[in-house]
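> the following comprises the amino acid sequence and a computationally predicted model.
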Amino acid sequence: MGIVFYYSPMSSASRVHWALEELGIPYDKVKLDLSKGEQRQPDFLKLNPNGKVPAMVVDGHPLFESLAMLLWLGETYGVDKGLYPPPGLQRLEAYKWLAWGSVSLAEAGMRLMHNTSDRFPLEQRNAAAASAAHAEINKLLQVLDRSIEGEQYILGDKFSIVDCAVGSMVWFLVQRLQVDLAPHRHVGAWMSRLMPRPALARILSA
């Protein structure tokens, strides 16, 4: 099965990129320079009309939305490789946390970025909105912190694609938006287990 993955570092593509590396399946990758607007070029828009990364082409079939890619990778390859649960109650847990990271945590993170980052014009930033987003992120991290207390990983004692999905978002919050994990010690300990993974090192240098 031929897979071509279109990505840019430090974007929502990172979690799919990490999952691909953990799975160890063959794929080709195409790096896009977002600062040059390569994601808005006609050839790329044929693959992802949203003009965003990531995009994935599977046997000629284009796919957009990182959550869709993670679900497909998990169900197609992850079960056999021990990185995604088989159908059952633990699969429900995987769905829950994949959606949580993609919707709740990511949305609050994007609101914080839009209202604090120099990537956005000063007149479009709002200090009150930034403060509200920061407070919401901390509430969400409290939810994760309570859930993983006493656990090695989100789904229990085994690393999974779910950790790639949520961990990459938490890493972005810390590295790019200066979110402090000190109040969330279980999340911090979990992140310390994720950071030494060779697959993560490979995508951070790609």
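Everything's here; your move. Owing to the predicted nature of the structure, the values given are computational and were not obtained by experimental measurement. Numbers count the residues shown, from 1 in each chain.
> use CA for all of it now, contacts and neighbours both
Fine.
> can I assume Gln39 is in contact with Leu47?
No. With contact defined as Cα atoms under 8 Å, Gln39 and Leu47 do not form a contacting pair (9.9 Å).
> more neighbours, those two?
The residue with more neighbours, out of Gln39 and Leu47, is Gln39; 25 against 21, by other Cα atoms under 10 Å.
> how about the more buried one, nearest residue that isn't a chain neighbour?
Using Cα to Cα, 6 or more residues apart in numbering and skipping the chain neighbours, the partner closest in space to Gln39 is Gly51 (5.1 Å).
> I'd say that neighbour and Gly37 touch.
No. Gly51 sits out of contact with Gly37 when judged by Cα under 8 Å, with a separation of 9.0 Å.
> settle it for me: which of the two has more neighbours?
Between Gly51 and Gly37, counted using other Cα under 10 Å, Gly51 has the larger neighbour count: 19 against 11.
> what's near enough to touch the more buried one?
For Gly51, the contact set (Cα atoms under 8 Å, 6 or more residues apart in numbering) comprises Gln39, Arg40, Phe44, Leu45.
> cutoff 7 Å now
Gln39, Arg40, Leu45 (Cα atoms under 7 Å, 6 or more residues apart in numbering).
> then Ala19?
When contacts are counted by Cα under 7 Å, 6+ apart, Ala19 is found next to Ile161, Cys164.
> go with 10 Å
Counting by Cα atoms under 10 Å, 6 or more residues apart in numbering, Ala19 makes contact with 25, 69-70, 73-74, 78, 83, 160-165, 199-200, 203.
> ditto for Ala68
Ala68 sits next to Val16, Gly74, Leu98 when contact means Cα under 10 Å, 6+ apart.
> for Lys31, see how far away the nearest residue to the second one once chain neighbours are set aside is.
So that's Gly74. Leaving out its chain neighbours, the residue that sits closest to Gly74 by Cα to Cα, 6+ apart is Tyr84, at 5.4 Å. Separation of Tyr84 from Lys31 (Cα to Cα, to the nearest Å): 27 Å.
> the more surrounded of the two?
In this comparison of Tyr84 against Lys31, neighbours counted by other Cα under 10 Å, the higher total goes to Tyr84 at 24 against 14.
> can I assume that one is in contact with Phe159?
Yes. Here Tyr84 lies in contact with Phe159, judged by Cα atoms under 10 Å, at a distance of 8.8 Å.
> residues shared between the contacts of Gln39 and Leu47?
Here Gln39 and Leu47 share the contacting residues Tyr6, Pro54, Ala55, scored by Cα under 10 Å, 6+ apart.
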